[in-house]
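Peer 1: heads up, no residue letters with this:
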């Protein structure tokens, strides 16, 4: 689902070159929030995984130095 | 107060012109006081925000303008009549410096985040809903909280970006003067315009890319759509993630570090520390004699002299054309706890006009209120020589604004005036002390006249005739 939202967002970036004035900025703001929510949640998950990976190595290193 | 009184207030009060957008209620005037009528469609939201303690918490945190609900029974149409704390001066976002707009943006987001804790949200994020009270930004619209369940996403997201993020980013990356764009665009700076003005490198900042550049593209892409945009409903944690992302972006923005004309004015003045101290004492003496309740310090730079009389005058608006000087003023006041000075970016030769529908939504500067006193230090030579304004015009304008005037006349021999005349012909034969006194004498009685020792400058205390 998140992938589809991000893909939709990327498709918009790639295809919106026409210069007509927008009629309702609310629709775009709504749609962007759907993408933003996905991206930010994705970012938060990545951060969480990154901390877990970091913790894993830090713990291992600490353990190794303790053993030495 | 009885129900009858509530009905009479709501029925006879004069409705505030600009209060027409929200069906939840409106502002009205009665005997010079402003009230808010809460209409029945907003009853549930009003009760929910009250029982969740949202109002009480926001008021105690200093983020919401305090109000009292007038006692009285509920009626079919009227849920409540509120009497908010009365504002002494209304200012507009295009008159705020970068740091003021930034603090106003942060308060808006904090209130939205606070509401999300209670399954509610801020349905509006208009910069006009914020006013500076006691030196700090506060939300003045008590009908802004709504149920989260009513919306699929944050309905005020676009408005927040137009009213706050776009002008802040433009001031941070392009020019400090672009805060004035908000005067041109009443509902905030169009994102497409902001995106086109921002330098390309801002696309590398994820927050700016997402909330401004991509947002602008999405608005353009969906602008022509004829079908309703549907999607899932975002949850409170998802909306919190968006608001928190906006918050950290806004908090990270810094005003563009640019050399401005008046940014270091007091370091470059031509008079000595002794003369500066003497000037300060004379200004204080004159203000002590005048005892105004409200004062406009026009051309007040970083507010040095406003602060010198801040213990003598309860309400001060300090205006200057230089956005960097106004940023400095705001931050000094914030740091030192001076709460009765409102710094504003105002060009006295072109002050804020009346704008909006029928030119009645946002009042012109001098249409909003008139001060008891004007403090005009080191200003007249700029108006008279740089702007060719006849001294009589200046006197008439000040006399129109306020009864008391404390004004400094800077002689032609002063190096600051000489600098103004350096590359232009001196076409100002009447710019003399005698000419100044004659011009201002048509409108004012001169009560005190005191030369500043060690400077080619004189201070006057005048009363309107």
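Peer 2: Arrived safely, thanks for sending. None of the values given here were measured: they were computed from a predicted structure.
Peer 1: neighbours of the closest residue to residue B:375 other than its chain neighbours, how many?
Peer 2: Among residues not flanking residue B:375 along the chain, residue B:297 sits closest, at 4.5 Å (C-beta to C-beta, 6 or more residues apart in numbering or on different chains). Heads up, the C-betas are built off the backbone N, CA and C, glycines and all. A count of nearby residues for residue B:297, using other C-beta atoms under 10 Å in any protein chain shown, gives 30.
Peer 1: and whatever helix or strand residue B:297 lives in, what does it pack onto?
Peer 2: Per DSSP states H and E: residue B:297 is located in strand B:294-298. Here strand B:294-298 touches helix B:304-308, strand B:315-320, strand B:373-376, going by 3 or more C-beta pairs under 8 Å, 6 or more residues apart in numbering or on different chains; DSSP states H and E.
Peer 1: who are the packing partners of the second one?
Peer 2: Pointing back at strand B:315-320 there. With contacts defined as 3+ C-beta pairs under 8 Å, 6+ apart, strand B:315-320 has these neighbours: strand B:294-298, helix B:323-336, strand B:341-345.
Peer 1: could you do the shortest one as well?
Peer 2: Using 3+ C-beta pairs under 8 Å, 6+ apart as the contact definition, the elements that strand B:373-376 packs against are helix B:273-290, strand B:294-298, helix B:391-401, strand B:404-410.
Peer 1: for residue B:372, see how far away residue B:340 is.
Peer 2: Going from residue B:340 to residue B:372 by C-beta to C-beta, to the nearest Å gives 14 Å.
Peer 1: got it, and residue A:56?
Peer 2: Separation of residue A:56 from residue B:372 (C-beta to C-beta) stands at 69 Å.
Peer 1: who has more neighbours out of the two?
Peer 2: Applying other C-beta under 10 Å to residue A:56 and residue B:372 shows that residue B:372 carries more neighbours, namely 18 against 10.
Peer 1: quick check: pLDDT value at residue B:260.
Peer 2: Per-residue confidence for residue B:260 comes out at a pLDDT of 60.
Peer 1: sketch out the low-pLDDT regions of the chain for me.
Peer 2: You didn't say which chain, so I picked chain A. Residue ranges of chain A with pLDDT under 70: A:1-25, A:44-45, A:47-48, A:66-68.
Peer 1: to clarify, I was referring to chain B.
Peer 2: Along chain B, the model assigns pLDDT under 70 to residues B:1-12, B:224-231, B:258-271.
Peer 1: could you identify the longest helix within chain A?
Peer 2: Using DSSP state H to define each element, chain A has its longest helix at helix A:25-67.
Peer 1: and that helix, what does it pack against?
Peer 2: Judged by 3+ C-beta pairs under 8 Å, 6+ apart, the packing partners of helix A:25-67 are helix A:2-15, helix B:157-160, helix B:215-223, helix B:236-252.
Peer 1: mind giving me the packing neighbours of the third one?
Peer 2: Using 3+ C-beta pairs under 8 Å, 6+ apart as the contact criterion, the elements in contact with helix B:215-223 are helix A:2-15, helix A:25-67, helix B:191-197.
Peer 1: so the shortest one, near chain A or not?
Peer 2: Meaning helix B:191-197. Yes - looking at helix B:191-197 against chain A by C-beta under 8 Å from any C-beta of the partner chain, the contacts come from B:191-192.
Peer 1: which SSE is immediately downstream of that helix?
Peer 2: Counting by DSSP H and E, the next helix or strand C-terminal to helix B:191-197 is helix B:206-208.
Peer 1: list the buried ones in that following helix?
Peer 2: B:207-208 (16 or more other C-beta atoms under 10 Å in any protein chain shown).
Peer 1: now what about it, what contacts it?
Peer 2: With C-beta atoms under 8 Å, 6 or more residues apart in numbering or on different chains as the test, helix B:206-208 has contacts from B:169, B:198, B:202, B:245-246, B:248-249, B:252.
Peer 1: rerun that using 6 Å as the cut-off
Peer 2: Residues from elsewhere that reach helix B:206-208, judged by C-beta atoms under 6 Å, 6 or more residues apart in numbering or on different chains: B:169, B:202, B:249.
Peer 1: what about whatever residue of the stretch 151-300 of chain B ends up closest to chain A, how many residues close to it?
Peer 2: Residue of the stretch 151-300 of chain B nearest chain A, by C-beta to the nearest C-beta: residue B:223 (2.5 Å). A total of 18 residues lie near residue B:223 under the criterion other C-beta under 10 Å.
Peer 1: residue A:27 now?
Peer 2: Close neighbours of residue A:27, defined as other C-beta under 10 Å, add up to 21.
Peer 1: wouldn't it be in contact with residue B:222 here?
Peer 2: Yes - between residue A:27 and residue B:222 there is a contact at 3.9 Å, judged by C-beta atoms under 6 Å.
Peer 1: please report phi then psi for the residue nearest to residue B:386 when sequence neighbours are not counted.
Peer 2: Nearest residue to residue B:386, sequence neighbours excluded (C-beta to C-beta, 6+ apart): residue B:420, at 5.7 Å. Backbone torsions of residue B:420, given as degrees, to the nearest 10, read phi -70, psi -30.
Peer 1: which one of the contacts of helix B:206-208 is nearest residue B:63?
Peer 2: Nearest to residue B:63 out of these is residue B:249 (C-beta to C-beta; 19.5 Å).
Peer 1: give me phi/psi at residue B:449?
Peer 2: Dihedral angles of residue B:449 (phi, psi; degrees, to the nearest 10) stand at phi -140, psi 120.
Peer 1: wait, it touches residue B:461, no?
Peer 2: No - between residue B:449 and residue B:461 there is no contact under C-beta under 6 Å: 8.0 Å.
Peer 1: mind listing what the spatially most central residue of chain B touches?
Peer 2: Nearest to the mean C-alpha position of chain B, by C-alpha atoms, centre = their mean, lies residue B:91 at 3.5 Å. Residue B:91 is in contact with residue B:344, counting by C-beta under 6 Å, 6+ apart.
Peer 1: how is it assigned, secondary-structure-wise?
Peer 2: Assigned with DSSP: H, G, I helix; E, B strand; the rest coil, residue B:91 falls in the coil class.
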